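J.: What would the 3D arrangement of this be:
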Amino acid sequence: MLAVMRLLNAILGDASEIDIEALEKEFARVLGEGEEIEKAFVLVRDLIVFTRKRMILVDKQGLTGKRKEYHSIPYRSIVHFSAESLGHFDLDAELKIWIHGQAEPKQFSFRRDTSILEIQRTLATYLGG
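T.: Numbering: from 1, shown residues only. Just a heads-up that it's a prediction; the model follows:
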């Protein structure tokens with residue numbers, strides 16, 4: 001049942017929190033000594049992972065998603081972020097994260113407010129704001 005719900009969420013573009021234990025093996029080579037995953041969210045095939053030191057964006061590519069690009073973003077590099085909730089006529093909630101040295105923000109769209117609010121709270125916690 002959980003797999004079916006994840007599949008539906010992925011098709012509909014909704015992010016959901018993912019069990020950290022499920023990612024430990026995959027991230028064993030990515031994390032530094034003593035670094036642990038605190039929270040993680042899956043959005044379609046991509047991941048947003050939070051540790052105490054950084055945010056990791058995982059872009060799964062290709063038909064099978066076996067090819068992955070890891071974007072490591074230290075929290076000190078995040079200039080600011082914004083979260084736009086759903087409105088009456090909006091189909092998506094939107095999260096934007098501005099990173100030092102990049103003109104355009106990283107953007108994520110969500111079909112519901114639930115996950116975007118949790119991600120915003122997580123960012124605020126790690127950015128100290």
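
J.: Leaving out the residues flanking it, which one is nearest to the residue positioned nearest the centre of the chain?
T.: Nearest to the mean C-alpha position of the chain, by C-alpha atoms, centre = their mean, lies residue 48 at 2.3 Å. What sits nearest to residue 48 in space, not counting adjacent residues and going by C-beta to C-beta, 6 or more residues apart in numbering, is residue 41, at 4.7 Å. Every residue, glycine included, has its C-beta placed from N, CA and C.

J.: just residue 53 next, same as before
T.: Closest residue to residue 53 apart from its sequence neighbours, by C-beta to C-beta, 6+ apart: residue 35 at 5.9 Å.

J.: how many neighbours does the one you found have?
T.: Applying other C-beta atoms under 10 Å, we find 14 residues neighbouring residue 35.

J.: circling back: make sure I have this right: the residue nearest to the centre of the chain is in a strand.
T.: Yes - counting by DSSP: H, G, I helix; E, B strand; the rest coil, one finds residue 48 located in a strand.

J.: Against residue 18, how distant is it?
T.: Using C-beta to C-beta, to the nearest Å, residue 48 is found at 10 Å from residue 18.

J.: shared neighbours of these two, anything?
T.: 40, 41 (C-beta atoms under 8 Å, 6 or more residues apart in numbering).

J.: residues touching the residue nearest to the centre of the chain, list them.
T.: By C-beta under 8 Å, 6+ apart, the residues touching residue 48 are 15, 40, 41, 55, 56, 57, 58, 108, 119.

J.: what comes into contact with the longest helix along the chain?
T.: What stands out as the longest helix in the chain, according to DSSP state H, is helix 113-127. Residues outside helix 113-127 that contact it (C-beta under 8 Å, 6+ apart) are 14-17, 38-39, 41, 43, 48, 50, 52, 55, 75, 78, 81, 83, 85-86, 93-95, 97, 108, 110.

J.: Helix or strand, whichever it is, which one in the chain has the lowest mean pLDDT?
T.: Lowest mean confidence among the helices and strands of the chain (mean pLDDT, DSSP states H and E): helix 2-12, at a mean of 42.
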